[in-house]
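*Asks:* Just to be clear, the model below is a prediction. Sequence and coordinates:
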Amino acid sequence: MKFAQDSQDDGYFITSYDENSVSINGKPFQTSLIISSRRLEEDWSLNAIEHLSDTHIESILLFKPELIIIGTGKKLLFPAVETYSRAIRHGIGIDFMDTGAACRTYNILMSENRNVVAGLIL
């Protein structure tokens with residue numbers, strides 16, 4: 001799916017996605033990544049939600065988010081609460097959705113100037 005956008009000078013936006021890739025400000029990526037409005041980690045070492053660990057959550061927490069979105073791949077899958085409880089203990093909201101929905105939700109929240117970070121599994 002492609003998105004239209006007025007300006008890409010205001011941070012990192014997801015400009016398109018499909019089952020195997022996501023484009024950020026027009027540049028395609030085929031590996032899992034972490035995105036926020038001002039920072040992009042291009043190689044998030046997670047290829048399946050079943051492998052989510054404290055280390056992966058810690059990578060996202062370094063972005064200092066108020067809200068975390070995890071795109072779980074083609075299907076919505078929920079990991080064990082223990083793997084992301086640290087975020088909850090810090091009062092940070094965390095939501096899981098398929099990666100397409102995560103892309104759309106990230107763009108909406110980002111355009112509202114929310115401090116959102118998305119971890120997208122590809």
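*Replies:* Thanks, I have the structure now. Numbers count the residues shown, from 1 in each chain.

*Asks:* any residues touching the helix ranked longest in the chain, and which ones?
*Replies:* For the chain, the longest helix by residue count, based on DSSP state H, is helix 99-111. Helix 99-111 is contacted from outside by 1, 3, 11-14, 17, 22, 35, 37, 67, 69-74, 76, 95, 97, 116, 118, 120-122, using C-beta atoms under 8 Å, 6 or more residues apart in numbering. The C-beta positions use only the backbone N, C-alpha and C, and glycine is treated the same way.

*Asks:* One more pass at 6 Å, please.
*Replies:* Contacts with helix 99-111, where a contact means C-beta atoms under 6 Å, 6 or more residues apart in numbering, come from I14, Y17, S37, I69, G71, G73, V116, A118, L120.

*Asks:* Most widely separated two among those residues?
*Replies:* Spatially, the most separated pair among the contacts of helix 99-111 is S37 and G73, at 23.4 Å (C-beta to C-beta).

*Asks:* what residue ranges in this protein score low on pLDDT?
*Replies:* Along the chain, segments meeting pLDDT under 70 span 1-9.

*Asks:* what about 90?
*Replies:* 1-10, 19, 43 (pLDDT under 90).

*Asks:* How much space separates the spatially closest residue to M97 that is not a sequence neighbour from A102?
*Replies:* Excluding the flanking residues, the one nearest M97 by C-beta to C-beta, 6 or more residues apart in numbering is L76, at 5.7 Å. Distance check for L76 against A102: by C-beta to C-beta, to the nearest Å, it reads 10 Å.

*Asks:* thinking again about what came up before, list the helices and strands the very next helix or strand once past the longest helix of the chain packs on?
*Replies:* Downstream of helix 99-111, the next assigned helix or strand under DSSP states H and E is strand 116-120. Other elements packing on strand 116-120 under the criterion 3 or more C-beta pairs under 6 Å, 6 or more residues apart in numbering; DSSP states H and E are strand 33-35, strand 67-71, helix 99-111.

*Asks:* Do you have the strands of the chain handy? List them.
*Replies:* For the chain, the strands defined by DSSP state E occupy 14-17, 22-24, 27-29, 33-35, 40-41, 67-71, 93-97, 116-120.
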